[in-house]
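Colleague: Sequence unavailable; structure follows:
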């Protein structure tokens with residue numbers, strides 16, 4: 001029975017991946033996001049925002065850097081004065097924790113409903129945003145799009161949250177955009193309808209620095225010798241502790257970590273500093289915090305490591321490194337295998353295995369002709385499959401059909 005269910009899920013994902021909706025331009029859209037921090041989902045939103053039609057509005061639950069960045073792209077922004085406390089509602093906790101916020105949530109749904117009536121569709125860019133936006137979309141009678149940036153699994157979501165969002169998606173969403181087959185599989189396995197899913201890989205365009213690694217290291221004040229980098233927010237499931245365990249097995253090597261604890265994971269950040277001291281590598285690891293010069297840092301390291309211990313829904317860092325022509329080692333979980341072509345465009349190691357990661361790093365230290373060939377293949381793959389223009393075209397193709405009558409109505413009903 002389990003094998004039959006797995007086969008059905010695989011078949012459903014294959015059908016989704018081969019679907020090719022017609023291209024269409026986007027009309028004014030109401031975008032909803034619970035965060036205003038510039039994390040992965042918000043960076044994707046910034047890349048596709050330029051494709052939203054004139055008159056589009058972003059509704060944010062909190063103020064922050066995303067507000068100014070969206071405005072620079074011509075998107076009007078409204079920050080709700082009522083939604084700030086919703087950050088206390090964690091996605092892996094009981095829904096009973098939401099009860100003190102019910103009245104506030106109802107008020108936000110009212111705000112969203114009034115705004116939605118002045119737009120053609122509602123586009124939810126996060127899980128928390130989706131829950132409230134789904135109710136507003138129904139009240140406003142507007143099509144609802146959920147851009148799902150997460151793996152719907154027990155590692156990230158409580159059972160009640162998974163049931164809630166899947167039920168809302170199945171009943172209320174017009175489509176669910178996901179960045180990878182891994183994300184699609186998780187959604188379908190959780191009970192989501194395969195017919196809703198549109199796989200649109202994340203994309204980005206960067207111009208790698210022209211300086212060579214040695215020049216950049218000197219300019220950035222980085223040490224000589226073998227240096228690998230980890231580029232992601234500090235969170236237990238991102239696996240920075242595994243990178244430290246690998247560093248302890250590589251005498252003379254150094255590691256830099258670029259990223260901060262963006263969503264209340266400060267205890268983990270402190271744990272990493274303590275762990276580095278216990279492992280005796282505190283003098284060989286640099287915690288750089290949040291940076292806006294990631295491509296320069298990537299070009300300065302010998303290897304980019306992405307050591308997540310839980311499946312990744314995508315892996316923007318992997319694509320950045322591929323475009324910067326830097327070797328990539330990633331945990332073999334989630335979308336990493338898709339992006340790295342199952343190891344032909346990078347190196348895959350078991351999640352949570354510091355010893356395996358150290359062995360992979362040793363294999364790259366010599367920078368052989370075989371390593372250079374993999375770097376060439378990785379860059380070509382990234383420039384072909386993971387561009388922002390390709391992503392925007394995919395979003396337009398998914399959303400465009402929803403903006404036609406009877407959905408594409410303006411004004412109050």
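Modeller: Thanks, I have the structure now. Note that the structure is a prediction, hence the values are computed from the model and not measured. Residues are numbered from 1 along each chain as shown.
Colleague: What residues of stretch 387-404 count as buried?
Modeller: Judged by neighbour count (16 or more other Cβ atoms under 10 Å), stretch 387-404 contains these buried residues: 387-388, 391-392, 394-400, 402-403. Backbone N, C-alpha and C define where each C-beta goes, glycine included.
Colleague: Next, format the residues you listed as TSV and append distance to residue 361 and secondary structure.
Modeller: Formatted as TSV, the buried residues of stretch 387-404 follow (distance: Cβ to Cβ, whole Å; DSSP: H, G, I helix; E, B strand; the rest coil):
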residue	distance to residue 361	secondary structure
387	29	coil
388	31	helix
391	31	helix
392	36	helix
394	34	helix
395	36	helix
396	41	helix
397	40	helix
398	39	helix
399	42	helix
400	45	helix
402	46	helix
403	48	helix
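Colleague: Residue 216: what's it in contact with?
Modeller: Taking Cβ atoms under 8 Å, 6 or more residues apart in numbering, we find residue 216 in contact with 209, 222, 296, 297, 299, 300.
Colleague: Please name the nearest non-neighbouring residue to it.
Modeller: Counting by Cβ to Cβ, 6 or more residues apart in numbering, residue 216 lies nearest to residue 300, which is 3.9 Å off, once chain neighbours are set aside.
Colleague: Tell me, what's the model's pLDDT at the one you found?
Modeller: On pLDDT, residue 300 comes in at 93.
Colleague: what mean pLDDT does stretch 402-413 have?
Modeller: So the average pLDDT for stretch 402-413 ends up being 51.
Colleague: where along the stretch 101-250 of the chain do the strands fall?
Modeller: Taking DSSP state E, counting those that start in this stretch, the strands of the stretch 101-250 of the chain run over residues 121-124, 144-147, 175-178, 197-199, 227-231.
Colleague: got it, and the stretch 301-413 of the chain?
Modeller: Along the stretch 301-413 of the chain, counting by DSSP E, counting those that start in this stretch, strands occupy 303-306, 328-331, 347-349.
Colleague: now for the shortest one, which elements pack on it?
Modeller: Yep, that's strand 347-349 we're talking about. Applying 3 or more Cβ pairs under 8 Å, 6 or more residues apart in numbering; DSSP states H and E, one finds that strand 347-349 contacts strand 328-331, helix 354-365.
Colleague: Note down every partner strand of the first one and its orientation.
Modeller: Each strand that strand 328-331 pairs with, and the sense of that pairing, follows from DSSP bridges: strand 303-306 (parallel), strand 347-349 (parallel).
Colleague: quick one: contacts of it?
Modeller: Strand 328-331 is contacted from outside by 239, 303-309, 312, 315, 318, 321-322, 336, 339-340, 345-352, 357, 360-361, 364, 378, using Cβ under 8 Å, 6+ apart.
Colleague: can you do 7 Å?
Modeller: Residues outside strand 328-331 that contact it (Cβ atoms under 7 Å, 6 or more residues apart in numbering): 239, 303-309, 315, 318, 321-322, 336, 340, 346-349, 351, 357, 360-361, 378.
Colleague: ok, now the longest one?
Modeller: For helix 354-365, the external contacting residues (Cβ under 7 Å, 6+ apart) are 226, 228, 242-243, 245-246, 249-250, 303, 305, 307, 327, 329, 347, 349-350, 371.
Colleague: Appreciated, that's everything.
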